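**Q** Need the 3D shape of this:
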Amino acid sequence: MTETGSALGGWVSEIVAHLDCGRATSSLPLDLQATAFQWKVWREPQKIPAGETRSYSEVAAAIGSPGSTRAVASACAKNQVALVIPCHRVVRRGGELGGYRWGIERKRELIEKERAARKPVAS
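**A** Here you go, the predicted structure:
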């Protein structure tokens, strides 16, 4: 196997692990174009543990821009790498799912799958 194939295999394994149990995919190389604000927003969902959520307003406050809730939602909507930058973990105040680039049902499924992966298996 070549060096490139080895790296690719590792990245594929990371993606599969993320899909199976919500593990972080932080070592994947990204080539994304974004504004400084978008990057600031996108870093926050990566800090939210799998299966947990934060509101758009909580993310806005966390990045030091408490009045930018709508801008945070817009930045999440522009996220093109959902498995690496888990914007599905950002919801409306009160826990309502709100919008999602790939559809509300997929957002619901991702959150539920992450929550299920965190629960201990009954013996």
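**Q** Tell me which residue is most central in this structure.
**A** In the chain, the C-alpha nearest the mean C-alpha coordinate belongs to Pro86, at 0.5 Å (Cα atoms, centre = their mean).
**Q** so that one makes contact with Lys47?
**A** No. Here Pro86 does not reach Lys47: they are 9.9 Å apart, not a contact under Cβ atoms under 8 Å. Where you see a C-beta, it was placed from the backbone N, CA and C, and this is true even at glycine.
**Q** Now do the strands in the protein.
**A** 54-55, 90-91 (DSSP state E).
**Q** mind listing the helices in the chain by residue range?
**A** 3-21, 36-47, 56-62, 69-77, 104-118 (DSSP state H).
**Q** how about the last one: buried residues?
**A** Just to be clear, that refers to helix 104-118. Lys107, Leu110, Ile111, Lys113, Glu114 (16 or more other Cβ atoms under 10 Å).
**Q** What sits closest to the third one if chain neighbours are left out?
**A** What it means is Ile111. His88 (6.1 Å; Cβ to Cβ, 6 or more residues apart in numbering).
**Q** which residues does that neighbour contact?
**A** Applying Cβ atoms under 8 Å, 6 or more residues apart in numbering to His88 gives the contacts Pro45, Ala82, Tyr100, Arg106, Lys107, Leu110, Ile111.
**Q** Neighbours of the second one, how many?
**A** Ala82 sits with 17 neighbouring residues when counted by other Cβ atoms under 10 Å.
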